[in-house]
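In: Whatever this is, show me its structure:
(chains A and B)
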Amino acid sequence: MEATFERIDGRSARFWLLLGALVALILPGVISTYVMYERGLYLSGMTNRIPWGLQIVLAVFYIGASAGSLVISSLYGIFGKKEYKPFARIAVYLALLFLVAALLSILTDLGRLDNLSSSFSHFNFLSMLSINPFLYNMYILICIVYLWAMLREKERLVRIMALVAVLWAIAVHSGTGAIFGFVPRELYQSPLLPPSFIAAALSSGTALMILVILGLFRVTGRPLDGQLIVRLGRLLAVFVVVVACLLFIENAYRVYLAGSREAGVFVLFGGFQSVIFWGGMALLGTLVPAVILFHAKTAGSIPWIVVASALVVFGVLCERYLIVIPGQAHPADLLPNMEITSSIWQEGVATYSASLPEVLQAIGVVALVGFLFVLGLWLFKLLPVEARIYDEAASAEPRVTVN
Amino acid sequence: MDRRGFLKTAGVLSAGAACAYGLPLLTACASATAEPEGPPGQRKWGMVIDLGRCRPDCTACMDACRRENNVAFFGDTRWDVHLIRKVRVRRKYPHPSAEKPMLLLCNQCDRPPCVQACPVKATFQREDGIVIVDQHRCIGCRYCMIACPYDARQFNFKENTEWPNKDRPRSSHGVPQSCTFCVHRLDRGQQPACVEACKKAGANALAVGNLNDPASEVSRLIADHPAQGLREDLGTRPKVFYIGL
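Out: Next comes the predicted model:
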């Protein structure tokens, strides 16, 4: 049986109330952005020592979050797992929206938004911040074509776009890692960041996909075969372990080598970021979900998988913070074996905390994405009528025989 | 066309797209590493700082710079801009040494990471080696500040209300700034404001000149003294040289 899709009818009061609430959350963000653009970014918590703050942390997180589509597209479009077809439209639409969220976060953070046209007229092929917006914009285009092909049931094009989207998504996540990895700063510079970004993207993307699917099917009262979620949970378990491995290697390497030991210790035992590292990322974001997803009793239970997924998303958010902020907070080693004892400027370790306008901006971006998501469910046939595992013997896939 | 055929076509298409995109990147990288030395007569500006001559309590260079370049100063370390800043340093190992003064400013790297990083080519390097920001093109993304290993780039977080030097523009908020060796003065044949102020104060610790000319003051100072740039191991080729660091 083929999956069928439908729109939400959008006649309930709940639907309009939701849209209204989201608009109410978008407005403060728009106002904050305008005021900061007019008066200056000193209204943010950023300083000359921490010039990248909350919006960049979230932009990087959103890029990773879009990878849920990468997982579903690979399963359905490339590996031919038909049972994931019901989720494919939502996954691609959500990926598109997360890319929009990332671009919006970067845009609201710019000091001179009025000069934005120069990013089209003067492209710098050497800048990771030129290459990445190009990758993101192209990915948005790919998602649009992919979604259009699915809405029109153009099977051939869907197959092609699934592959193109998967390949392009890998470039998107590696490229995002390179924004930090290709910079001569002690805690950034690392060839491990692009692969580690792919891994973290896969894990947060899958976890978000699980949460979104379960939420949508619950709210709209659709039948869903729990086995599908359990299988995604198994996949998530693998991703969590891969991310943990990469993070372990990265931090062990830093602390092992004398040259980078001080910076490594700063992350692991140096203050607030260490609490985020051990409490947020290692314990809540990795260990607890890994135990849940690998333990025989909890791995098959939907409520437990929901807990694990939420924790994984939180863990990746912590990891994003740990990439962006401590790399700036830790002072550049300008004068090896020397210390600066007094200065007119902020030398040494710097601190950052987001200001209210920044938080309002971030909420505004989330609300806008939520608004577009709900609107999309109403405009396009994104929601499947049901999702279940079809009879595997009757599958259209040819049997693979050996010899 | 069967499934295998689709995969093949799609693979070729995306590989083609990747090449079309990647090729200019690779060639741009190649041209960035093969640096031509330029015609023999071409100037390459550099600075020499003799820390032995720098007086511990003098701030003449910083004051002159702020006046000359209309630099934002609010008395708040979060947003103050210092194109040149004076700090005190001491050696850590094996024993803490006595404190001594040290000046930090843009190193005008010959391989500047900020120029690589700028997504809109607002930060660029002139033929004479000076790295400047076109503030009318800059989008204020601050990636140059992230990329600079010397923390030399600073951002105008707040609108600067003071305008001591009406001959020079004031930065608006939303754009970064760094030392330009007072390029507008060099182009007129004058010395940078800090160098002039340092001479006037009688310390004579700063010199700016043409590194390509072996007879220039800076070239002679570098030849006669053990001069070193900051973090030369990074490969950025800084063009500010310190004597007595």
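In: use CA for all of it now, contacts and neighbours both
Out: Noted.
In: from memory A:Glu358 sits against A:Gln55, does it?
Out: Yes: using Cα atoms under 8 Å, A:Glu358 is in contact with A:Gln55, at 7.4 Å.
In: can you pull out the strands in chain A?
Out: For chain A, strands defined by DSSP state E occupy the ranges A:5-6, A:338-343, A:383-384.
In: residues in contact with the closest residue to A:Phe180 other than its chain neighbours?
Out: Leaving aside its sequence neighbours, A:Phe180 sits nearest to A:Tyr188 (Cα to Cα, 6 or more residues apart in numbering or on different chains; 5.3 Å). A:Tyr188 is in contact with A:Phe180, A:Gly181, A:Phe182, A:Ile323, A:Gly327, counting by Cα atoms under 8 Å, 6 or more residues apart in numbering or on different chains.
In: Can you pull the poorly scored residue ranges out of chain B?
Out: For chain B, the stretches with pLDDT under 70 are B:1-41.
In: Which parts of it are strands?
Out: In chain B, the strands defined using DSSP E lie at B:45-50, B:84-91, B:100-105, B:123-125, B:131-133, B:154-155, B:176-177, B:206-210, B:227-228, B:240-243.
In: Using a markdown table, lay out these together with mean neighbour count and distance to B:Leu234.
Out: Below are these laid out as a markdown table (neighbours: other Cα atoms under 10 Å in any protein chain shown; distance: least, Cα to Cα, whole Å):
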| stretch | mean neighbour count | distance to B:Leu234 |
| --- | --- | --- |
| strand B:45-50 | 24 | 18 |
| strand B:84-91 | 19 | 21 |
| strand B:100-105 | 19 | 17 |
| strand B:123-125 | 20 | 18 |
| strand B:131-133 | 22 | 18 |
| strand B:154-155 | 26 | 21 |
| strand B:176-177 | 25 | 22 |
| strand B:206-210 | 21 | 23 |
| strand B:227-228 | 18 | 13 |
| strand B:240-243 | 22 | 14 |
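In: CSV for these, including distance to chain A?
Out: Below are the strands of chain B laid out as CSV (distance: least, Cα to the nearest Cα, whole Å):
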stretch, distance to chain A
strand B:45-50, 15
strand B:84-91, 4
strand B:100-105, 9
strand B:123-125, 11
strand B:131-133, 13
strand B:154-155, 6
strand B:176-177, 9
strand B:206-210, 19
strand B:227-228, 12
strand B:240-243, 12
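In: nearest to A:Arg218, of those?
Out: Nearest of the strands of chain B to A:Arg218, taken as Cα to Cα: strand B:154-155 at 48.1 Å.
In: Would you mind finding the most buried of the strands of chain A?
Out: Among these, strand A:383-384 has the highest mean neighbour count (mean count of other Cα atoms under 10 Å in any protein chain shown), at a mean of 23.
In: So in that sheet, which strands flank that one, and in what orientation?
Out: Strand A:383-384 sits in its sheet next to strand A:5-6 (antiparallel), going by DSSP bridges.
In: what about the strand it pairs with, average pLDDT?
Out: For strand A:5-6, mean pLDDT rounds to 92.
In: which outside residues touch that strand?
Out: Counting by Cα under 8 Å, 6+ apart, A:Pro86, A:Phe380, A:Lys381, A:Leu382, A:Leu383, A:Pro384, A:Val385 sit against strand A:5-6.
In: From the structure, what's the count of residues near the second one?
Out: Spelled out, that is A:Phe380. When neighbours are defined as other Cα atoms under 10 Å in any protein chain shown, A:Phe380 has 17 of them.
In: residues in contact with the closest residue in space to it that isn't next to it in sequence?
Out: The shortest distance from A:Phe380 to any non-neighbouring residue, by Cα to Cα, 6+ apart, is to A:Arg7 (5.9 Å). By Cα under 8 Å, 6+ apart, the residues touching A:Arg7 are A:Leu377, A:Trp378, A:Leu379, A:Phe380, A:Lys381, A:Leu382, A:Leu383.
In: among those residues, which ones are buried?
Out: Buried residues within the contacts of A:Arg7, defined by neighbour count using 16 or more other Cα atoms under 10 Å in any protein chain shown: A:Leu377, A:Trp378, A:Phe380, A:Lys381, A:Leu382, A:Leu383.
In: Of those residues, which pair is most distant in space?
Out: With Cα to Cα as the measure, no two of the buried ones among the contacts of A:Arg7 lie farther apart than A:Trp378 and A:Leu383, at 9.4 Å.
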